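Novice: model the following, please.
(2 chains)
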There are 2 protein chains.
Amino acid sequence: VSHYDDARSRVRPVDETARAAAVEHQMRLTKPARSLGAVEDLGARLAAIAGVMPPPIPTPAAVAVFAGDHGVHAQGVTPWPQEVTTQMVANFLSGGAAINVLARQIGASVVVVDVGVITTLEPSEHLIDRKVRRGTSDLTTGPAMSLDEAGRALDAGAEVAALLVAGGARCLVTGDMGIANTTPSAALIAALTGRPSAEVTGRGTGVDDATLAIKEGVVRAAAARCAGLEPLAVLAEVGGFEHAALAGFITGAAAARVPVLIDGVIAGAALLVAHRLQPDVVGYAIAGHRSVEPGATAVLADLGLEPVLDLGLRLGEGTGAILALQIVEAAARILSEMATFDSAGITEKR
Amino acid sequence: VSHYDDARSRVRPVDETARAAAVEHQMRLTKPARSLGAVEDLGARLAAIAGVMPPPIPTPAAVAVFAGDHGVHAQGVTPWPQEVTTQMVANFLSGGAAINVLARQIGASVVVVDVGVITTLEPSEHLIDRKVRRGTSDLTTGPAMSLDEAGRALDAGAEVAALLVAGGARCLVTGDMGIANTTPSAALIAALTGRPSAEVTGRGTGVDDATLAIKEGVVRAAAARCAGLEPLAVLAEVGGFEHAALAGFITGAAAARVPVLIDGVIAGAALLVAHRLQPDVVGYAIAGHRSVEPGATAVLADLGLEPVLDLGLRLGEGTGAILALQIVEAAARILSEMATFDSAGITEKR
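Specialist: As a prediction, the model looks like this:
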């Protein structure tokens, strides 16, 4: 049985009754109505996700960093050598990367899932080997992957989501690593939203004008080739293994009725894929932040999501998602722990 | 000896050498340059505040909720009865208010400091009695407090900051409670920034148009009366006891070289007072969020501060400040714990 197909078939719309119960309860808490703004919206979403009011506390969280390489690297879309994907995986596994620091701070776990790194990785306690192939094909010269390979990466993501939830995670965090992966992200976003390539292609790690021009040309041609394709074919044509795996991971979270924190443009592109394959997954997705990458904003607008943070981040790894966790957790605790006007004996306004 | 005068005399400019060392170190960490955006700026500020690189981790945090009542309540500037200040203090002391929930979540302490509640409060473990008077005078008919009373409230704030730091707090959080206190906040902001009253007066807990018009008229007249007054006289003329105490608290944090998280418009007005009395305090202040209240944005613009969060909050109590703590702590941990390109053996970009 396919992990992904199983997860997709189990996704249900979020629970509007639980959401309404949360909104109603928020009006009775000892604060002026709506004075916690977006934190109240988040609390109501958490109730809708879990289907219960008050919603469960969304900790501990678990980060899955899906890692893959990209054939399009050969086109000169980034100044970073491809070996950095492998080196950064080693950094994640030894605990020195930004996502490790941020996860440790709040007691979240980090696993790395190899879905397509070009090198052979040494086995390690926090590494899950689901390598589909050693890097995608160059998306400028043909499909990045076959439909079968896309399916295997989707499966890996859905499987990891289920494993983490079975292990006690109450919130999943989307992480990614893959030198050149903002290029397939922009291609997926252009193809799936219909927006012009220039509007969704950004500087990624901070590329110069000449590299940006190459990148934008690659994205334009890739998106044009996707015209008329089904979402799964678009994913295979121009996506990366980590995008496919993240789409499966997001779907797995939705199937388990667990909130999934979306990081930047890579996770955003994956969320778009997951949404086009099963629209109800978006109800389970919380946008951790607004990345500097323009494609990330295009995804938020397309799906009607408001990000929790806007800190000018563009690192990836899941960093912008996990930084939102205190606020997401607070939204749930407000609903469980705050006194009401009645319980505290407080006079309401005239 | 005056706690406030002592603290003010000990405030030094933040350490630009430590800030530069942090910025330089951030360039060597295993991430694209500047990819952590505002989190990098925060980290550099924490180094400058402590005068050491890497900066100390800013936890545990301690929240002080300064509570007071306001004679201007008689003018009908809010639909909430004045007794709610006292009732909310009881809510803080029994752990049921929003600030209690948010502080417990992250292991921060909460103390309430009575600097001017109209009622007599029962002694309680987490209540500090520094009552200056039972509410300020009505600021529409004369000075809200005497200069001596302003000084006593400033002292209470500076004393509490020193007590909390001596007790182990590594980050202070500004909290407030006082029905009607957005009115004196707006008056202080209008008087100290010179901005029009209409631009800095907001709906507070959510007042209707008629109440807003009353409030704006009160603020306009109050600010006009402050023309030509020294900052301390402005504070006494139109401020509240909690504003004065918060100004002292912020100054106490700066004297101790501990970061102080600024909440919304009440703490913002207090920061403005503290700045006008000793400009170097602003280097120690981190704006937790951008409140919905327009006066809060006027303060941020006046002092050149960028808020960490923008969540549409307008509750007060310190809630918007404490919600930023994960991000502030992360900024420090990034500087202590992340691997460098050299230490992790990672190739830099071409």
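
Novice: spell out which residues of the stretch 101-250 of chain A are next to chain B.
Specialist: A:101-102, A:104-106, A:205-206 (C-beta under 8 Å from any C-beta of the partner chain). The C-beta positions use only the backbone N, C-alpha and C, and glycine is treated the same way.

Novice: hmm, which of those are the buried ones?
Specialist: Of the members of those, the ones counted as buried by neighbours, 16 or more other C-beta atoms under 10 Å in any protein chain shown, are A:101-102, A:105-106, A:205-206.

Novice: narrow those residues to those in helices?
Specialist: A:101-102, A:105-106 (DSSP state H).

Novice: so what's whichever residue of the stretch 101-250 of chain A sits closest to chain B up against?
Specialist: Going by C-beta to the nearest C-beta, chain B is nearest to A:Thr205 of the stretch 101-250 of chain A, at 3.8 Å. Taking C-beta atoms under 8 Å, 6 or more residues apart in numbering or on different chains, we find A:Thr205 in contact with A:78-80, A:182, A:314, B:32, B:35, B:349.

Novice: go with 7 Å
Specialist: A:78, A:80, B:32, B:35 (C-beta atoms under 7 Å, 6 or more residues apart in numbering or on different chains).

Novice: any chance of a markdown table for the residues you listed, columns secondary structure?
Specialist: As requested, those are exported to a markdown table (DSSP: H, G, I helix; E, B strand; the rest coil):
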| residue | secondary structure |
| --- | --- |
| A:Thr78 | coil |
| A:Trp80 | coil |
| B:Pro32 | coil |
| B:Ser35 | coil |
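
Novice: which one among those residues gets closest to A:Ile334?
Specialist: B:Ser35 (31.9 Å; C-beta to C-beta).

Novice: neighbour-wise, give me the winner out of the contacts of A:Thr205.
Specialist: Neighbour tally across the contacts of A:Thr205 (other C-beta atoms under 10 Å in any protein chain shown): the maximum, 27 neighbours, falls on A:Thr78.

Novice: what's the burial count for the closest residue to it other than its chain neighbours?
Specialist: The shortest distance from A:Thr78 to any non-neighbouring residue, by C-beta to C-beta, 6 or more residues apart in numbering or on different chains, is to A:Ala180 (5.0 Å). By the criterion of other C-beta under 10 Å, A:Ala180 has 30 neighbours.

Novice: cool, and A:Thr17?
Specialist: There are 12 residues near A:Thr17, going by other C-beta under 10 Å.

Novice: cool, A:Ala50 as well?
Specialist: A:Ala50: 21 surrounding residues under other C-beta under 10 Å.

Novice: next: A:Ile57.
Specialist: Neighbour count for A:Ile57, taken as other C-beta under 10 Å: 17.

Novice: pretty sure it contacts A:Ala330?
Specialist: No. If you go by C-beta atoms under 7 Å, A:Ile57 and A:Ala330 don't touch, sitting 10.0 Å apart.

Novice: can you pull out the helices in the stretch 151-300 of chain A?
Specialist: Listed in chain order, the helices of the stretch 151-300 of chain A (DSSP state H, counting those that start in this stretch) span A:182-193, A:197-200, A:209-225, A:231-238, A:241-255, A:265-277, A:294-303.

Novice: so which of those helices is the most packed in?
Specialist: Comparing the helices of the stretch 151-300 of chain A by mean neighbour count (mean count of other C-beta atoms under 10 Å in any protein chain shown), helix A:241-255 comes out on top with a mean of 33.

Novice: could you list every helix and strand in contact with that helix?
Specialist: Contact analysis of helix A:241-255 by 3 or more C-beta pairs under 7 Å, 6 or more residues apart in numbering or on different chains; DSSP states H and E lists helix A:3-10, strand A:61-68, strand A:109-116, helix A:147-166, strand A:171-177, helix A:182-193, helix A:265-277 as its packing neighbours.

Novice: now the residues of the stretch 101-250 of chain A next to chain B in a markdown table, with pLDDT and distance to B:Gly228?
Specialist: Shown next, in a markdown table, are those (pLDDT from 0 to 100; distance: C-beta to C-beta, whole Å):
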| residue | pLDDT | distance to B:Gly228 |
| --- | --- | --- |
| A:Val101 | 98 | 52 |
| A:Leu102 | 98 | 50 |
| A:Arg104 | 98 | 55 |
| A:Gln105 | 98 | 50 |
| A:Ile106 | 98 | 51 |
| A:Thr205 | 90 | 54 |
| A:Gly206 | 90 | 51 |
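
Novice: which of the residues you listed sit farthest apart?
Specialist: By the measure C-beta to C-beta, A:Ile106 and A:Gly206 form the most distant pair in those, at 27.5 Å.

Novice: picking up where we left off before, any chance of the helices of the stretch 151-300 of chain A in CSV with mean pLDDT and distance to B:Leu272 as columns?
Specialist: Formatted as CSV, the helices of the stretch 151-300 of chain A follow (pLDDT from 0 to 100; distance: least, C-beta to C-beta, whole Å):
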stretch, mean pLDDT, distance to B:Leu272
helix A:182-193, 98, 42
helix A:197-200, 98, 41
helix A:209-225, 97, 42
helix A:231-238, 98, 52
helix A:241-255, 98, 45
helix A:265-277, 98, 39
helix A:294-303, 98, 34
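
Novice: nearest to A:Pro123, out of those?
Specialist: By C-beta to C-beta (comparing all of the helices of the stretch 151-300 of chain A), the closest turns out to be helix A:241-255, at 19.0 Å.

Novice: mind checking which of the helices and strands packed on helix A:241-255 is nearest B:Ala156?
Specialist: strand A:61-68 (39.9 Å).

Novice: quick one: contacts of the closest one?
Specialist: A:85, A:89, A:92, A:99, A:103, A:108-117, A:157, A:160, A:164, A:169, A:171-173, A:175-178, A:240-242, A:245-246, A:249, A:317-318, A:322, A:325.

Novice: buried residues in that strand?
Specialist: So for strand A:61-68, counting by 16+ other C-beta under 10 Å, buried means A:61-68.

Novice: picking that back up, could you dump the buried ones among the residues of the stretch 101-250 of chain A next to chain B into a markdown table with distance to A:Arg28 added?
Specialist: Below are those laid out as a markdown table (distance: C-beta to C-beta, whole Å):
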| residue | distance to A:Arg28 |
| --- | --- |
| A:Val101 | 39 |
| A:Leu102 | 35 |
| A:Gln105 | 34 |
| A:Ile106 | 30 |
| A:Thr205 | 48 |
| A:Gly206 | 48 |
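
Novice: which residue packs closest to A:Ala270, ignoring adjacent ones?
Specialist: That would be A:Leu246: by C-beta to C-beta, 6+ apart, it lies 3.4 Å from A:Ala270.

Novice: now for the one you found: which residues touch it?
Specialist: So A:Leu246 contacts A:66, A:157, A:174, A:176, A:266-267, A:270 (C-beta under 7 Å, 6+ apart).

Novice: contacting residues for A:Thr140?
Specialist: A:72, A:75, A:218, A:221-222.

Novice: tell me the SS of it?
Specialist: coil.

Novice: could you pull up phi and psi at it?
Specialist: The phi/psi pair for A:Thr140 (degrees, to the nearest 10) reads phi -80, psi -20.

Novice: list phi and psi for the closest residue to chain B within the stretch 51-200 of chain A.
Specialist: Among the residues of the stretch 51-200 of chain A, A:Gly96 lies closest to chain B, at 2.9 Å counting by C-beta to the nearest C-beta. Phi and psi for A:Gly96, reported as degrees, to the nearest 10, are phi -100, psi 0.

Novice: repeat for A:Gly345
Specialist: Here the main-chain torsion angles of A:Gly345 (degrees, to the nearest 10) amount to phi 60, psi 40.
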